[in-house]
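Engineer: just need the structure, nothing else, for what follows:
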Amino acid sequence: MTPSILFFIVIGAVCLASAVGVITSRIPIHSALFLLVNFVTLAIFYVTLEAQFLAAAQVIIYAGGIVVLILFVIMLIGSEKIETRASHRTWTPFVGILLGVTLIASMIYAFVETPSGATATSTINGGAPETVGMALFTRYILPFEMTAILLLVALLGALLLARYQKANPDL
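Structural biologist: Numbers count the residues shown, from 1 in each chain. Purely as a prediction, here's the structure:
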């Protein structure tokens, strides 16, 4: 086994373990720190793909800005353990499944539309800022907009959850 494949396996294992840690951690601070580790390992993958601009953007924007913002929100709201409770609405899991299937279908559509000979590095030219911008706003506009909608829905869901817990402090 070559050192580059071994490096990929080790970093990939750390990336997957930190992603699982984000989801399974009951303490929000630990979940945010797992997210930071995940963002850093993704930046390492970008460097190995010779996309240094994307790696720097990953570290500066996501690992630096977004994780700090999440930590500020956790500190302002409180960092108690997250308790799971049965949902009083029986239709919410079905809506979540429907939205997940829609997201997966749009991702499959985006992959099918990619020409068979194109690779990620040839498409974005090593992560040059001009090339990334042109690719995002021309060829990959559908996944870009779907990501924006997904982030908006997540933000509204977090806001509603925080409001619901303030209105009903006994839950």
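Engineer: can I get the helix or strand hosting Ala13 in PDB, CA atoms only?
Structural biologist: Using DSSP states H and E, Ala13 maps to helix 3-24. The C-alpha trace of helix 3-24 is given here as PDB (Å, rounded to 0.1, in the frame of the first residue of the first chain):
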ATOM      1  CA  PRO A   3       1.800   6.200   1.500                       C
ATOM      2  CA  SER A   4      -0.700   8.400  -0.300                       C
ATOM      3  CA  ILE A   5      -3.400   5.700  -0.200                       C
ATOM      4  CA  LEU A   6      -2.700   5.100   3.500                       C
ATOM      5  CA  PHE A   7      -2.900   8.800   4.200                       C
ATOM      6  CA  PHE A   8      -6.300   9.000   2.300                       C
ATOM      7  CA  ILE A   9      -7.600   6.100   4.400                       C
ATOM      8  CA  VAL A  10      -6.500   7.600   7.700                       C
ATOM      9  CA  ILE A  11      -7.900  11.100   6.900                       C
ATOM     10  CA  GLY A  12     -11.000   9.500   5.500                       C
ATOM     11  CA  ALA A  13     -11.600   7.500   8.700                       C
ATOM     12  CA  VAL A  14     -11.100  10.700  10.800                       C
ATOM     13  CA  CYS A  15     -13.500  12.600   8.600                       C
ATOM     14  CA  LEU A  16     -16.200   9.900   8.900                       C
ATOM     15  CA  ALA A  17     -15.700   9.400  12.600                       C
ATOM     16  CA  SER A  18     -16.000  13.200  13.200                       C
ATOM     17  CA  ALA A  19     -19.200  13.300  11.000                       C
ATOM     18  CA  VAL A  20     -20.700  10.500  13.100                       C
ATOM     19  CA  GLY A  21     -19.600  12.400  16.200                       C
ATOM     20  CA  VAL A  22     -21.500  15.500  15.100                       C
ATOM     21  CA  ILE A  23     -24.700  13.600  14.800                       C
ATOM     22  CA  THR A  24     -24.400  11.300  17.800                       C
END
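Engineer: residue boundaries of the helices in the protein?
Structural biologist: With helices called from DSSP state H, the chain shows them at 3-24, 28-48, 52-57, 67-77, 92-113, 120-124, 129-134, 141-167.
Engineer: what about the first one, average pLDDT?
Structural biologist: Read it as helix 3-24. The average of the pLDDT scores along helix 3-24 is 92.
Engineer: pLDDT weak spots in the chain?
Structural biologist: Judged by pLDDT under 70, the chain has its weakly predicted residues at 78-89, 114-127, 163-171.
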